[in-house]
Every structure is written in C-alpha cells, then in structure tokens.
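1. How does the following fold in three dimensions:
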Amino acid sequence: MKYFTLILAQIFVFSMWANVQSETVPFERKDSDHIKEIMIAWDSNKGEYLYESVSALIMKQQQPERPQGLNQTSFELLKMMDEQRIDRIDRIAATELENERKSSTGDRYYWEEWRAYIQSTKCNMSSGKSSGDPHMTTFDGENYDFQNAGDYLLTASEDNSFYVQTQQYRIKSNVALNGGVIMNINGDILEFRSVEKNGDEKMIHVNGEEIQTENTDLALPQGGIVKYERGKHMVKWPTGEQMSVSKRTFQKKWLFDLLVYVPSCNDNYYGLLGNNDNVRNDLVAYDPETGDEITNERQANSNDDLFGANRRAPEVMSRLESELYFITRKFGAVHQLDSTTSLFPNRMTELPDSVRYPKELLTLAQLEDEQVEEGLRKAREAGVSEDDLFGAVYDYGHIGLEPVAYNDDFTQPERSTKYKEPELNKDGDGLKTDENNKTNQQIKIRPAIFIGTGVRVTPPRNRPTTSPRPGSTSPRIPPISGGRR
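-> Numbering: from 1, shown residues only. Model prediction:
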C-alpha cells in the first residue's frame with residue numbers, strides 16, 4: 001500500500017509539471033570572469049553560488065547546489081550587496097551587452113536579461129493581497145470582493161517562474177474562503193492545504209512530498225526559500241517576489257490570508273492581483289467571441305455608502321450589485337482555471353454555476369446597524385487599517401470571522417554600506433578570501449530532508465515548466481478609474 005501511495009504521488013507530481021511549461025531562451029549563456037571575481041570577493045562562500053544562480057535564472061536552467069547554511073535567495077543576496085559593487089557589476093554587464101549586440105543577430109540578449117534582473121534588486125516592493133472571504137487588493141491598490149468558488153490564478157509573472165493559484169471553498173451559498181494555495185517557485189511546486197486542525201494530514205507539500213515538520217524553514221532546490229516566523233510562512237522566490245501565508249481557524253479547518261510582494265519596477269504580472277503597472281486598470285474582462293476588452297466603470301464609495309444609512313439606498317445597492325456581478329461572472333472567468341491549468345491535486349474546476357457563483361451578492365446592506373457598529377469596534381480594537389475595515393466588518397457580520405490586522409510582513413534585507421576593492425592573495429594569482437566568513441552547517445537527518453537553517457527537499461528529476469499566460473496576445477489594458485469600493 002505504501003508503494004502504491006508513492007507511485008500515485010509521483011504520478012501527481014508529473015501531472016502538475018505537465019501543466020507548467022517554460023519558454024526556451026533565444027540566446028546562449030555568456031560569462032564574465034570579472035563579475036564572478038567581484039562576487040567572490042564580496043563573499044567567498046556565497047559569491048560563486050550567486051553568480052551561477054543568476055546565470056541559471058536567466059537561462060531557465062537547474063539551480064546550482066546551495067551552500068550549507070545559506071538561507072537567502074539570490075535576489076536577497078544582491079539586495080544585501082553594497083550599491084557601489086552593484087553599480088560596478090552593472091557597468092561591466094553593460095559593456096558585455098554592447099559586445100553581445102555586435103556579435104548577435106537576435107533581438108533578445110543574455111546580458112540584457114542579466115542587467116534587468118540586477119537592476120530590479122534596487123527597486124522597492126509593491127503589495128497585494130487575498131484575505132478573509134476573500135477580499136482582494138491588487139498591486140496597484142484596487143480593492144474588490146471575490147466570492148467565487150473554484151481554482152483561480154491569483155498572480156503570475158510573464159514567464160510563470162512566479163506563479164500562484166488559490167482554491168476557494170464555498171462555505172455558504174454566498175461566501176467563499178481561501179482553502180488552498182499552490183505555487184510554482186521557479187520550478188518547485190509548493191502547496192498549502194486546508195486540513196483538519198488536529199488531523200493526521202499535513203498542511204505543506206513540496207513537489208508532491210508531505211512535509212512532516214511544518215513550523216520550520218524550507219530551502220527549495222530551485223532557489224526558493226520558505227521562512228517560518230511568528231506563525232507565518234514567508235515564501236521567497238529567487239526572482240524577487242515574496243508571499244506571506246498565514247492561517248486562521250474556521251469550521252475546524254484552516255483558511256489562508258495571502259499578502260504578496262513584487263518588485264515595483266516589474267509590470268509583467270497578470271492574474272486576480274493585476275499587472276503592477278501603477279495604474280488602476282486591473283478589473284478587465286474580454287468578450288469570448290471578439291476578444292474585445294470589457295470594463296466596468298467603478299465609482300469610489302463614501303464612508304456612508306459603505307457603513308452608513310446610504311448603504312441601503314437603491315442607487316448604491318444597484319451600483320454595487322452591478323460591479324460585483326461583473327467581477328464574479330466576467331472578470332473572474334478570465335482567471336478561472338480548468339483541468340489543464342490547475343496545479344491542485346484535488347481540482348475544483350468542474351463546478352456547477354450554482355456552486356461556483358454566490359447565490360446573493362453581499363455588501364453591508366444586509367447587516368443590521370448594530371452588526372456594522374460591532375464589527376467596526378472589533379476591527380479597530382484589533383488594529384485593522386482603514387483600508388481593510390470594510391472587509392473586516394463584512395467577514396465578522398456575515399460569517400462571524402474575527403477581525404485581524406494584516407501587518408506588513410516584508411523585511412528588506414539590510415544592504416551593506418561597506419565597500420572595498422577586491423584584494424589578491426599573497427601569491428598574486430587569485431582573490432584573497434576571508435577565513436572568518438563562513439555559514440552555519442546544516443544537520444542531515446535523512447537523504448531527502450536537512451534541518452538547520454531550513455529543510456532541504458530533494459530536487460525533482462525534471463525541472464517543471466510553466467503554462468502559457470491566458471490571453472497573452474491581448475494588448476496592454478488602458479487605464480480606467482478605480483477605488484473601493
């Protein structure tokens with residue numbers, strides 16, 4: 001029986017990889033001994049790994065073996081490097097790019113991609129979220145409610161090395177919750193499942209393997225890191241994105257609150273959280289026959305429209321119902337997954353409309369004044385921000401979910417302010433190394449998993465690829481008005 005279960009797990013993993021396909025890069029790998037030496041001079045233990053890791057990211061190849069004790073992604077390592085060194089590396093890469101342009105006939109270049117990655121480490125981070133039952137905030141700050149059930153694409157990058165799907169469970173005829181989240185982390189599949197709180201099934205699975213110790217760190221073979229701290233898991237992609245996964249108990253199972261962070265200078269995202277182009281243009285659908293864009297002009301709501309007596313005004317209720325219908329039926333359909341695109345092992349892709357869509361489109365108009373007032377009081381006592389008050393009152397009033405404050409979980413790596421030129425060793429034939437610059441060792445407890453700064457999962461035989469972006473042939477979405485909404 002154990003052998004049979006293992007075979008099923010392997011079949012599932014390969015079936016997930018079949019849903020993930022990556023593009024072949026149109027250039028060859030290039031190298032710069034100068035850049036490599038600078039990185040090794042910065043850190044004798046991490047520098048060579050960093051150089052090879054960045055090259056593997058650009059070429060979409062297998063990541064190098066991570067040094068023992070290293071618990072940062074390559075993106076974080078670059079953010080820790082002093083700016084003078086980063087600028088020096090970028091200047092060298094710019095010269096390499098000029099030479100590559102002269103010798104190549106293509107329109108995409110290795111060193112161009114290399115420079116874009118290096119430069120993105122100097123950017124700030126944008127944030128978006130899916131929380132409660134669930135309430136969404138796009139990377140560009142547009143708020144909306146999304147009560148559909150089923151498997152949906154939360155967010156992804158253009159090449160899908162960063163790729164997050166959510167599974168929304170129908171808990172009432174008009175309310176859904178995040179009951180699962182699965183993601184592609186540069187080729188590794190990580191899943192959080194809503195399991196019985198005191199049951200035997202584990203919440204976290206990596207590449208089809210159940211992780212027995214959940215409250216620990218994970219070091220993934222393709223360069224990702226999962227850090228566990230204060231009851232939350234922070235998932236970190238080597239491409240720079242991060243996602244905080246926190247769980248709450250509801251009806252004896254877990255629901256997940258997801259806070260997602262992406263480099264603000266990258267606008268190549270798509271999904272329910274939008275494109276990160278600094279314009280509130282995210283709620284767009286497409287005509288299934290013509291492919292034409294369909295938008296729904298939204299009007300910002302006053303405090304009285306949301307919480308006061310005006311929430312029951314016919315014109316306000318009609319306007320909000322129209323917005324919610326557009327979001328659930330038309331916009332939701334753009335990011336709805338099917339059996340060929342969902343990565344979940346227990347897919348929810350073939351749902352009848354009576355289950356997928358909420359029976360009633362809820363606002364706060366259905367709540368009594370006393371319920372709204374109590375919800376506001378509890379939310380403010382919990383430290384909920386003004387932007388999140390509507391969602392907190394909505395959740396408390398409609399399903400009794402206690403308000404929680406969503407703190408900013410992103411921690412910027414501390415960038416070094418010290419810089420010195422690389423030094424040669426006493427023989428003059430190599431770089432001088434720092435004997436004190438060592439990392440902590442990890443303790444091996446079995447072939448597949450290591451404990452120390454984190455857990456290391458054995459890499460899969462084949463590197464997964466990623467699925468094509470839905471509607472990728474569509475032109476860039478024009479700006480429209482937005483707000484809460």
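2. Where does the prediction get shaky in the chain?
-> Applying pLDDT under 70 to the chain picks out residues 1-23, 414, 416-485.
3. All the helices of it, in order from the start?
-> 2-18, 33-42, 47-59, 74-80, 83-103, 110-120, 303-306, 314-325, 332-334, 353-356, 369-381, 389-399 (DSSP state H).
4. just checking, what packs against the shortest one?
-> So that's helix 332-334. For helix 332-334, the packing partners by 3 or more CB pairs under 8 Å, 6 or more residues apart in numbering; DSSP states H and E come out as strand 284-286. Placement of C-beta: from N, CA and C, glycine included.
5. likewise the longest one?
-> With contacts taken as 3+ CB pairs under 8 Å, 6+ apart, helix 83-103 sits against helix 33-42, helix 110-120.
6. Of the ones you listed, which is nearest Gln412?
-> helix 110-120 (13.8 Å; CB to CB).
7. picking up where we left off before, dump the helices and strands packed on helix 83-103 to a markdown table, plus mean neighbour count.
-> What follows is these, written out as a markdown table (neighbours: other CB atoms under 10 Å):
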| stretch | mean neighbour count |
| --- | --- |
| helix 33-42 | 18 |
| helix 110-120 | 19 |
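8. Out of those helices, the one nearest Gly375 is which?
-> Taking these one by one with CB to CB, helix 110-120 is closest: 40.0 Å.
9. Next, the residues that contact that closest one from outside, please.
-> With CB atoms under 8 Å, 6 or more residues apart in numbering as the contact definition, helix 110-120 has outside contacts at 25, 27-30, 54-55, 57-59, 75, 78, 86, 89-90, 93-94, 96-97, 100, 239-240, 263, 265-266.
10. ok, the residue lying closest to Asn278 once chain neighbours are set aside to Cys265 distance?
-> In space, and not counting its chain neighbours, Asn278 is closest to Asp140: 6.0 Å by CB to CB, 6 or more residues apart in numbering. Asp140 sits at a distance of 14 Å from Cys265 (criterion: CB to CB, to the nearest Å).
11. Pick out whichever of the two has more residues nearby.
-> Asp140 (20 against 17; other CB atoms under 10 Å).
12. Surely that one touches Asp267?
-> No - between Asp140 and Asp267 there is no contact, the gap being 9.4 Å when judged by CB atoms under 8 Å.
13. which neighbours do the two share?
-> With CB under 8 Å, 6+ apart as the test, Asp140 and Asp267 both reach Asn275, Asn276, Asp277, Asn278.
14. Now a ChimeraX select for only the buried ones of those.
-> Buried subset of the shared contacts of Asp140 and Asp267, written as a ChimeraX selection, criterion 16 or more other CB atoms under 10 Å:
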select :275,276,277
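15. between the shared contacts of Asp140 and Asp267, which is closest to Thr328?
-> Using CB to CB, the shared contacts of Asp140 and Asp267 come closest to Thr328 at Asn275, 20.5 Å.
16. Report the contact partners of that closest one.
-> Per CB under 8 Å, 6+ apart, neighbours of Asn275: Phe139, Asp140, Asp267, Asn268, Tyr269, Asn281, Asp282, Ile477.
17. Distance of the first one relative to Asp277?
-> Yep, that's Phe139 we're talking about. From Phe139 to Asp277 the distance is 9 Å (CB to CB).
18. Please tell me how far the residue nearest to Asn278 sits from Gly271.
-> 13 Å.
19. now do Ser264
-> Ser264 is 17 Å from Gly271, by CB to CB.
20. The two: who's more crowded?
-> Gly271 (25 against 15).
21. out of everything not next to it in sequence, what's closest to the more buried one?
-> Nearest one to Gly271, counting by CB to CB, 6+ apart, is Thr155 at 4.0 Å.
22. Can you verify my assumption that that neighbour contacts Val260?
-> Yes - with contact defined as CB under 8 Å, Thr155 counts as touching Val260 (6.0 Å).
23. which residues are common contacts for the two?
-> Gly128, Phe139, Val164, Leu273.
24. which among those gets closest to Tyr394?
-> Using CB to CB, those come closest to Tyr394 at Gly128, 18.4 Å.
25. That closest one - how many residues pack around it?
-> With other CB under 10 Å as criterion, Gly128 counts 26.
26. cool, the one 10 residues further on as well?
-> Thr138 has 26 neighbours, counted by other CB under 10 Å.
27. so who does it touch?
-> By CB under 8 Å, 6+ apart, the neighbours of Thr138 are Gly128, Leu272, Leu273, Gly274, Arg280, Asp282.
28. hmm, try it at 10 Å
-> 126-129, 144, 155, 260, 269, 271-276, 280-283, 482 (CB atoms under 10 Å, 6 or more residues apart in numbering).
29. how many neighbours does Arg85 have?
-> 20.
30. so it touches Trp42, yeah?
-> Yes - using CB atoms under 10 Å, Arg85 makes contact with Trp42 at a distance of 6.1 Å.
31. I'd like the helices of the chain as JSON lines, with distance to Gly223 appended.
-> Shown next, in JSON lines, are these (distance: least, CB to CB, whole Å):
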{"stretch": "helix 2-18", "distance to Gly223": "17"}
{"stretch": "helix 33-42", "distance to Gly223": "16"}
{"stretch": "helix 47-59", "distance to Gly223": "6"}
{"stretch": "helix 74-80", "distance to Gly223": "6"}
{"stretch": "helix 83-103", "distance to Gly223": "19"}
{"stretch": "helix 110-120", "distance to Gly223": "12"}
{"stretch": "helix 303-306", "distance to Gly223": "43"}
{"stretch": "helix 314-325", "distance to Gly223": "40"}
{"stretch": "helix 332-334", "distance to Gly223": "30"}
{"stretch": "helix 353-356", "distance to Gly223": "36"}
{"stretch": "helix 369-381", "distance to Gly223": "39"}
{"stretch": "helix 389-399", "distance to Gly223": "34"}
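32. quick one: which of those helices is nearest Ser244?
-> That would be helix 74-80 among these, by CB to CB, at 15.3 Å.
33. Are there helices or strands packed against the closest one, and which ones?
-> Contact partners of helix 74-80 among helices and strands, from 3 or more CB pairs under 10 Å, 6 or more residues apart in numbering; DSSP states H and E: helix 33-42, helix 47-59, helix 83-103, helix 110-120.
34. What residues sit buried inside the third one?
-> Buried positions in helix 83-103, judged by neighbour count with 16+ other CB under 10 Å: Arg85, Ile86, Arg88, Ile89, Ile92, Ala93, Glu96, Leu97, Glu100.
35. which ones are touching the closest residue to the fourth one other than its chain neighbours?
-> Sequence neighbours aside, Ile35 is the residue nearest to Ile89 in space, at 5.4 Å (criterion: CB to CB, 6+ apart). With contact taken as CB under 10 Å, 6+ apart, Ile35 is in contact with Tyr51, Val54, Arg88, Ile89, Asp90, Ile92, Ala93, Glu96, Trp114, Ile118.
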